[in-house]
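S.K.: output the structure for:
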Amino acid sequence: MYAISLGDDGAELRPVEPWQAGEFLAHMDRGREFIGQHNGLPDVVTDLESSRAFLRAYAERTAADTGRLYGIRSDGELVGGFLLRRLDFEQGVAEAGCWLEPAAVGRGLVTRAARAVIDWAVEERGIHRVEWWVSSGNAPSIAVARRLGMTKDGVLRESFLYRGKRHDEEIWSVLAPEWRAAKQTS
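M.R.: Down below sits the predicted model:
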């Protein structure tokens with residue numbers, strides 16, 4: 001299995017596959033409350049079968065070339081994830097998403113993972129626009145969008161019903177020419 005190094009601190013990005021459903025569930029259990037503040041994944045992955053079904057769905061998206069799922073690992077342990085929820089090559093648009101368990105927060109793991117995957121999507125696959133949909137209340141995720149050089153396109157007011165409450169969603173994006181220009185200056 002391949003791994004992409006995310007730096008000198010033992011962090012790496014690797015695919016997560018259905019055979020790893022037990023490990024994925026254990027990861028979700030460690031971060032369930034924290035991740036669930038802004039992300040519905042803990043409500044989907046609740047037991048071994050639902051973990052396997054989620055990972056199988058992303059394996060099918062990978063095979064169909066319509067999405068990707070990567071595990072963020074620190075010293076070999078699964079501590080988070082980064083995904084392309086949508087890959088639309090006809091339109092040249094991808095939608096990215098992420099999460100971390102509490103022990104992995106504050107180390108730049110999501111930003112580094114995002115840079116690796118977005119660079120692949122833009123440079124290798126020809127994606128023109130990468131979107132970042134985020135709850136307006138999720139300040140850490142908005143900070144990642146800013147660090148990635150994304151632009152806030154707008155707010156969808158009370159568009160997302162989550163755990164019985166309506167939330168505003170912000171849409172951030174970066175276009176391929178902006179991504180390349182930012183790489184030139186860094």
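
S.K.: can you list the weak-confidence ranges in the chain?
M.R.: 1, 186 (pLDDT under 70).

S.K.: which stretches of it form helices?
M.R.: According to DSSP state H, the chain carries its helices in the segments 21-35, 41-44, 48-64, 109-119, 139-147, 176-185.

S.K.: of those, which approaches Ala103 most closely?
M.R.: Ala103 lies closest, by CB to CB, to one member of these: helix 21-35, at 7.5 Å. Heads up, the C-betas are built off the backbone N, CA and C, glycines and all.

S.K.: in the closest one, what counts as buried?
M.R.: Ala21, Phe24, Leu25, His27, Met28, Arg30, Gly31, Phe34, Ile35 (16 or more other CB atoms under 10 Å).

S.K.: now that helix against helix 48-64, angle please.
M.R.: 100 degrees (axes from the mean of the first three to the mean of the last three CA atoms, to 10 degrees).

S.K.: can you report how many residues lie near Asp47?
M.R.: The local packing of Asp47 (other CB atoms under 10 Å) involves 10 other residues.

S.K.: can you give me the neighbour number for Thr185?
M.R.: 6.

S.K.: any chance of the helices of the chain in CSV, plus distance to Glu90?
M.R.: Output for those, formatted as CSV (distance: least, CB to CB, whole Å):
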stretch, distance to Glu90
helix 21-35, 30
helix 41-44, 27
helix 48-64, 13
helix 109-119, 19
helix 139-147, 25
helix 176-185, 15
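
S.K.: and among the ones you listed, the most buried is which?
M.R.: helix 109-119 (a mean of 21; mean count of other CB atoms under 10 Å).

S.K.: contacts for it, please.
M.R.: Applying CB atoms under 8 Å, 6 or more residues apart in numbering, the contact partners of helix 109-119 are 4, 6-7, 11, 13, 68, 70, 72, 74, 79-80, 82, 84, 96, 98, 100, 130, 141, 144, 147-148, 174, 179, 183.

S.K.: please flag which of the residues you listed sit within strands.
M.R.: Cross-referencing the contacts of helix 109-119 against strands under DSSP state E gives 4, 11, 13, 68, 70, 72, 74, 79-80, 82, 84, 96, 98, 100, 130, 174.
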